[in-house]
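> predicted model and sequence below, questions to follow.
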Amino acid sequence: MKVLEHTLSPGAEKAFAEISGTLKKPLVMRAVDRNHPASYGYTVEDRGVHVVHVQPALPAAAFEEALIHELLHCQQREAGDVGLVPRRQGDHLAMLLASTINSVVNDRAVEARLRALELKSGLVEAVRMSSTREALAFPVPDHLRDVFALFSAFDLVLHRVTGADPAFLEEVTEAYAALDDRVVPNADAIVAIIEANGSDTPAQRACSIRAIVEHIGWQGRFMLVVDGQAEEL
Ligand SMILES: [Zn+2]
């Protein structure tokens, strides 16, 4: 079968059929739009329809990985939509941090499924690794040290929970430790929280997110939305 001009491999076609077969809401496939040119894929729900956007210019294996990755997010969303949002619209730092926290918790489960399906192309990791290396190459102004340390800890968490290459993990752990001694202990603590609370079910994801927000002391800046019900943290 063809998706956005890509003929899927048998493994990807089987995964596509199985996962999309479990979805109750209709699915629409689209290429990534002009507002997200660098993105591999993302999914939004629009009036009860899953709209899955994937970058069609990707090589075949990476396209399939991005496609199934997004379908797994649709499945997660139908099982129970759990998402952290900023309490106030103009709180851009909270918005950025909310999307980072959602990503480490939700992607952990998705990446584990992709590995089990043998649909990891390695390209997503390669891009994540090069963006970390680029981030490490920029000098950090003193007044942004605290924010840098916090976001770096989450970057390290993302590499760890999504199963990055051990040699790369060692390299990046050393580099972050050299820049700021808070990063690695904080990443260790956040990984321990996610491992203790889990990420497979909506209830587990909600527990992990609540515990992370408490750990970083950002209560008051977020709301946790569980199936459309907003809860103050
Ligand atoms: Zn994802």
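Good, I have the coordinates.
> how about the least confident helix or strand in the chain by mean pLDDT: buried residues?
Among the helical and strand segments of the chain, the one scoring lowest on mean pLDDT, DSSP states H and E is helix 123-137, with a mean of 83. Neighbour counts using 16 or more other C-beta atoms under 10 Å place 123-125, 128-129, 132, 135-136 of helix 123-137 among the buried residues. For glycine as for every other residue, the C-beta is placed from the backbone atoms N, C-alpha and C.
> isn't Ala12 up against Glu118?
No. Counting by C-beta atoms under 8 Å, Glu118 is not a contact partner of Ala12; they are 9.9 Å apart.
> who has more neighbours, those two?
Ala12 (23 against 9; other C-beta atoms under 10 Å).
> please name the residues that touch the more buried one.
When contacts are counted by C-beta atoms under 8 Å, 6 or more residues apart in numbering, Ala12 touches 64, 67-68, 119.
> in helices, which of those fall?
Using DSSP state H, the subset of the contacts of Ala12 located in helices is 64, 67-68.
> show me where pLDDT drops low in the chain?
Within the chain, the ranges that satisfy pLDDT under 70 run 36-38.
> can you give the domain ranges for it?
Listed domain ranges for the chain are 2-79, 82-232 (source: automatic domain parsing).
> ok, now which ones touch Leu208?
You called it Leu, but residue 208 is Ser. So Ser208 contacts 105, 193-194, 197-199 (C-beta under 8 Å, 6+ apart).
> put the buried members of the residues you listed into a PyMOL selection.
To isolate the buried subset of the contacts of Ser208 in PyMOL, counting by 16+ other C-beta under 10 Å, use the following:
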select buried, resi 105+193+194+197+199
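> so which of the contacts of Ser208 are in helices?
105, 193-194, 197.
> select, from the residues you listed, the two members most distant in space.
Val105 and Ile193 (9.7 Å; C-beta to C-beta).
> need the residues touching each of these two.
Shared contacts of Val105 and Ile193, counting by C-beta under 8 Å, 6+ apart, come down to 208, 212.
> can I get the contacts of Ser208 in JSON lines with distance to Leu97?
As requested, these are exported to JSON lines (distance: C-beta to C-beta, whole Å):
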{"residue": "Val105", "distance to Leu97": "13"}
{"residue": "Ile193", "distance to Leu97": "15"}
{"residue": "Ile194", "distance to Leu97": "16"}
{"residue": "Asn197", "distance to Leu97": "18"}
{"residue": "Gly198", "distance to Leu97": "21"}
{"residue": "Ser199", "distance to Leu97": "18"}
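> show me which of the contacts of Ser208 is closest to Ala230.
Nearest to Ala230 among the contacts of Ser208, with distances taken as C-beta to C-beta, is Val105, at 17.5 Å.
> my guess is that closest one contacts Ile194. True?
Yes. If you go by C-beta under 8 Å, Val105 and Ile194 touch, sitting 6.4 Å apart.
> so what's in contact with these two at the same time?
208, 212.
> ranges for the strands of this structure?
For the chain, the strands defined by DSSP state E occupy 2-3, 6-7, 27-31, 41-46, 49-54, 82-86, 222-226, 229-232.
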